[in-house]
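Chemist: need coordinates for the below:
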Amino acid sequence: MATEYIVFVHGVNTREEREVKTYADKLIERIDREIASHSSNITRKYIPLYWGDVNKPEEDKLLNKLKQSPTWKKMWFQEFREKQLMQFVGDAALYISRHVGSKVVIAIAEQLKKALPANPEPGDRMHLIAHSWGTVILFDVLFAARWDNPDLPTYESVRRIRQGIFGVKPEPLHGIRLSSIHTMGSPIAFFNLINVVSGEDQAKGERELTQEQAKKIATHDITPQLEALLEQLYNERGQKTLPWRNFIHPGDPVAYPLATIMPDLVDGKRQCLDIQDLLTSNADLSDFLVQSISRSFLALLHGGDAHGSYWESRDVVKAITQVILQEAAHPSTAVVST
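Modeler: Residues are numbered from 1 along each chain as shown. Predicted coordinates for the structure are as follows:
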C-alpha cells in the first residue's frame, strides 16, 4: 500500500527559547486526527527533521564576546537581542557560511536516511512542510548549485537528500514523488532577488542559466534546478500541477506572499505549479487584541507569537489535510527507480 511521507523542517523560534525536537508534535497530532476522520485507509508516516542545536555553539561564542564589551550593558532590548534577534539573524548568517551550513545539511541527511525507505513503493508520495528559515534551508539544499561541487565534504549528504525526492537532480528518476509543498511564515520570496535571469528577462529572449553556469556565477540561485523538478513532476503526474500552500499570519513580520513571486522565479514552468497564499489566525484572542494597533510598531511585539502560531493553527491543519486527501484520492502513476 502507498504511504504518505509527511516531512517537516522547522525554522527559527523568534520567541525566547529555541525550537525543540518535539516542535511539530501538535501539528502532527491534529493533521493525523483530521486525516483519520476522513479516511481510515491512508498509510502515513511523519518525519520531523531537527537542526536547531547545530548553530548554538557558534552563537554562544559570539554572545560571550559581545558581553565583554563595556557598552553591552548600556544597550536597550538586551533580552530581545540575546534571544529572538540573535537566533533569527544568527541562524541565517551561519547557514550562509558553508562551514556551519554543512553541519545542518549533514544532520538533515542522516535523519532522512533513517526515516525514508531505501526502496520506496511506486505509489508513495511525499509532502514537505517547512517553517520560517527552514523553508530557505530546504530550497537551498534541494536546488542551489553551491552544493554541487564533488570536492565538498557535504557533497554526498546533499546527494543523498536529493536522491530521496523524485524529480530532483542529479538522479531525477530516483526517490519518492513530491506531491505537495507547504511553507509557513516563509521569507523565501527574497530568493527572487538572487534570480539571475528573471521572468521579464526570459520574456525578452534571455535564456535561463544551465546547471554548469549556475555553479560558476550564481551558486545560490535555486531557479534552474527548481524549474527542472517542476517540469519532471508535471510530466510524471500527467500534466497535473503541484500543490503549494503558503501560510501567512498577518502579524508575522517574516512571512511574505509567494503566489505573485514564484511565477517570476520559475517563469518557464509556471504552468506546473498551483500556488496559493493562505492567511491564518491564532486560535486565542491575541489577534483580536492586536488588531486595533496592527499598523503600529507595537504590533511587532506580537510578531514572535504570530511567527510561531502555524504549528497550532486550525487553518494550517485544514488546508494541509485537504491537499493530502486530494492527492491520495487521485494518485498519479510514476515509475520510481531505486
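
Chemist: ok, residue 125 - contacts?
Modeler: Residue 125 sits next to 2-5, 176-179, 327-328, 331 when contact means Cβ atoms under 8 Å, 6 or more residues apart in numbering. All C-beta spots, glycine's among them, are computed from the backbone N, C-alpha and C.

Chemist: distance of the residue nearest to it when sequence neighbours are not counted relative to residue 158?
Modeler: Distances taken as Cβ to Cβ, 6 or more residues apart in numbering place residue 179 nearest to residue 125, at 3.9 Å, with adjacent residues excluded. Separation of residue 179 from residue 158 (Cβ to Cβ, to the nearest Å): 22 Å.

Chemist: and residue 61, by the same measure?
Modeler: Plainly put, residue 61 is 26 Å away from residue 158 if you go by Cβ to Cβ.

Chemist: what's the answer for residue 65, then?
Modeler: For residue 65, the distance to residue 158 - Cβ to Cβ - is 32 Å.

Chemist: neighbour count for the two, which is higher?
Modeler: The residue with more neighbours, out of residue 65 and residue 158, is residue 158; 24 against 10, by other Cβ atoms under 10 Å.

Chemist: helix, strand, or coil at the more buried one?
Modeler: Assigned with DSSP: H, G, I helix; E, B strand; the rest coil, residue 158 falls in the helix class.

Chemist: so where's the stretch 51-200 of the chain uncertain?
Modeler: Along the stretch 51-200 of the chain, segments meeting pLDDT under 70 span 94, 191-200.

Chemist: the strands in it, which residues?
Modeler: 125-131, 165-166, 176-184 (DSSP state E, counting those that start in this stretch).

Chemist: who are the contact partners of the residue nearest in space to the middle of the chain?
Modeler: Central residue of the chain (Cα atoms, centre = their mean): residue 135, 2.2 Å from the mean position. For residue 135, the contacting residues are 9, 11, 183-184, 186-188, by Cβ under 8 Å, 6+ apart.

Chemist: what does residue 170 give?
Modeler: By Cβ under 8 Å, 6+ apart, the contact list for residue 170 reads 159, 162.

Chemist: on that earlier part again, could you dump the strands of the stretch 51-200 of the chain into JSON lines with distance to residue 21 added?
Modeler: As requested, these are exported to JSON lines (distance: least, Cβ to Cβ, whole Å):
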{"stretch": "strand 125-131", "distance to residue 21": "14"}
{"stretch": "strand 165-166", "distance to residue 21": "23"}
{"stretch": "strand 176-184", "distance to residue 21": "18"}
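
Chemist: on that earlier part again, most widely separated two among the contacts of residue 135?
Modeler: Maximum pairwise distance among the contacts of residue 135 (Cβ to Cβ): 13.9 Å, between 9 and 187.

Chemist: the more surrounded of these two?
Modeler: The neighbour count for residue 9 versus residue 187, taken as other Cβ under 10 Å, is higher for residue 9 (24 against 19).
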